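S.K.: Here is my input, please return the structure:
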Amino acid sequence: MGERRAEGPSGFWAVAAALTVTMVGTTLPTPLYPALQRRLGFDDLTITVLFAIYAGGVLLALVFLGRVSDLIGPRPVLMAGLGAAAFSALAFLSGTGLTGLLIGRLLSGLSAGMVTGTATVALAELAPPDRHGRATLVATASNTLGLACGPLLSGLLAALGLFPLVAPFMVHLALVIVVGAGLWLAPELTSPRPMPTRARSRFHIDWPTLPREVRPVFPAVAVGMFACFAMLGLVAAVEPAFLTRLLNVTNPLLSGGVVFAMFAGSALSQVATRRLRAASALVAGCAIVLVAVFGFATALFIGSAALIVFSTIVIGIGQGLAFRAAVAISSARSPSDERSGTMSSFFLVVYLGISVPVVAAGYAADATGLRTAGIGFTAAVAALLLTALITTTRARIGEIQ
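M.R.: Sure thing, here's the model as predicted:
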């Protein structure tokens, strides 16, 4: 089984651009949900269902396609992911109401599931052996930068009154086409591994895997990531409703800007702490998110818009720190020929964290009200983060850079 070969920098940055643009589409609708809710007449639970359908699309892609790039190389998988992102934008532009939203979110999830793990592994393998830490940083920062720019773009266009429910998706479609062309024209990214006979002869699902080298540290990583991304999911899905209905903040640019600031804080913390060892960064990141979660709950209780904005940004900072560390730990511990399966398992945990708790929060909001559900949600996340801190300090993660 031959080693993969790294090409020039053009392939590396083409993959990073594909990851960034794909993730832009996943958060693009966030500031638009209140307007869509008024136009189409759906409730808070529907918003969380839309978010969960996105996460379900991610999980489907990870489960069924988690190791495909190991067999055929990353370019076809990345191109397919960009294609799904393009069709997602077209679904939002179709004018078919809630059905279009549901289809668009499902396709957006499929695109993220195909691109995130594949791009993360491809960047690690395109980088020189002595620059693995840089590749991990580019992967996590590209992911987070895309998540940040989505709500900022749609919030800005909505605030300017430039066809707020149309223009963001047209812009994203154009970006997908440009990046797809760049990826198609880039030099061959990596050499696919020889395809097993069983995969050639009949359809076979290569489930996400967890090599024995990763298993001792994965529980600590998984609990922390589940908790951090559960909080991110709440912010991305429901924070515009918190601001609009509980705190009387109706400007879509502000709600989009808050989500942007959270993800921007995540990206900046990844860059600023790149020299901090991974084990230390994971503990520090979870601790920062824990403090911010208490601030977020307090903001909901006393009705402070300023505190909820500040706490949201701090959540992003802590999540970015923990996310970079978790990716580095999982990738470094995994054998090169099983890295795609490992990262698919990793992102399964991430997207389960984004989806399942947020849907539960939607049901709770219908039963108890938005404020009570939000406070209860933060209490559950705080308990998970405490568990993550205890598990992480006991696990022998080692000092991975």
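
S.K.: CA only for contacts and neighbour counts going forward, please
M.R.: Noted.

S.K.: So which bits of the helix or strand containing residue 312 are buried?
M.R.: Assessed by DSSP states H and E, residue 312 sits inside helix 305-333. Across helix 305-333, burial judged by 16 or more other CA atoms under 10 Å covers 305, 307-333.

S.K.: same thing with stretch 81-96?
M.R.: In stretch 81-96, counting by 16+ other CA under 10 Å, buried: 81-93.

S.K.: ok, now stretch 336-343?
M.R.: Applying 16+ other CA under 10 Å to stretch 336-343 flags 336, 338-343 as buried.

S.K.: ok, now which ones touch residue 219?
M.R.: residue 391 (CA atoms under 8 Å, 6 or more residues apart in numbering).

S.K.: Next one: it from residue 210, what distance?
M.R.: Distance, residue 219 to residue 210, by CA to CA, to the nearest Å: 11 Å.

S.K.: pLDDT averaged over the helix holding residue 312 - what is it?
M.R.: Here helix 305-333 scores 90 as its mean pLDDT.

S.K.: Sketch out the helices for the stretch 201-350 of the chain, chain order is fine.
M.R.: 218-241, 252-272, 278-302, 305-333, 339-368 (DSSP state H, counting those that start in this stretch).

S.K.: Compare these and give me the one nearest residue 183.
M.R.: Closest of the helices of the stretch 201-350 of the chain to residue 183 is helix 339-368, at 19.6 Å (criterion: CA to CA).

S.K.: helices or strands up against that closest one?
M.R.: helix 44-65, helix 98-126, helix 218-241, helix 305-333, helix 370-394 (3 or more CA pairs under 8 Å, 6 or more residues apart in numbering; DSSP states H and E).

S.K.: chain center to the third one: distance?
M.R.: The gap between where helix 218-241 is centred and where its chain is centred comes out at 10 Å by CA atoms, centre = their mean, to the nearest Å.

S.K.: got the CA positions of stretch 272-285 in PDB?
M.R.: Only the C-alpha atoms of stretch 272-285 are listed here, as PDB (Å, rounded to 0.1, in the frame of the first residue of the first chain):
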ATOM      1  CA  ALA A 272      -3.000  32.700  18.500                       C
ATOM      2  CA  THR A 273      -2.500  29.500  20.500                       C
ATOM      3  CA  ARG A 274      -1.000  27.300  17.700                       C
ATOM      4  CA  ARG A 275       2.200  26.800  19.800                       C
ATOM      5  CA  LEU A 276       0.200  25.600  22.900                       C
ATOM      6  CA  ARG A 277       0.500  21.800  23.200                       C
ATOM      7  CA  ALA A 278      -2.700  20.000  22.300                       C
ATOM      8  CA  ALA A 279      -3.400  18.300  25.600                       C
ATOM      9  CA  SER A 280      -3.100  21.700  27.400                       C
ATOM     10  CA  ALA A 281      -5.200  23.400  24.800                       C
ATOM     11  CA  LEU A 282      -8.000  20.900  25.100                       C
ATOM     12  CA  VAL A 283      -8.300  21.400  28.800                       C
ATOM     13  CA  ALA A 284      -8.000  25.200  28.500                       C
ATOM     14  CA  GLY A 285     -10.600  25.300  25.800                       C
END
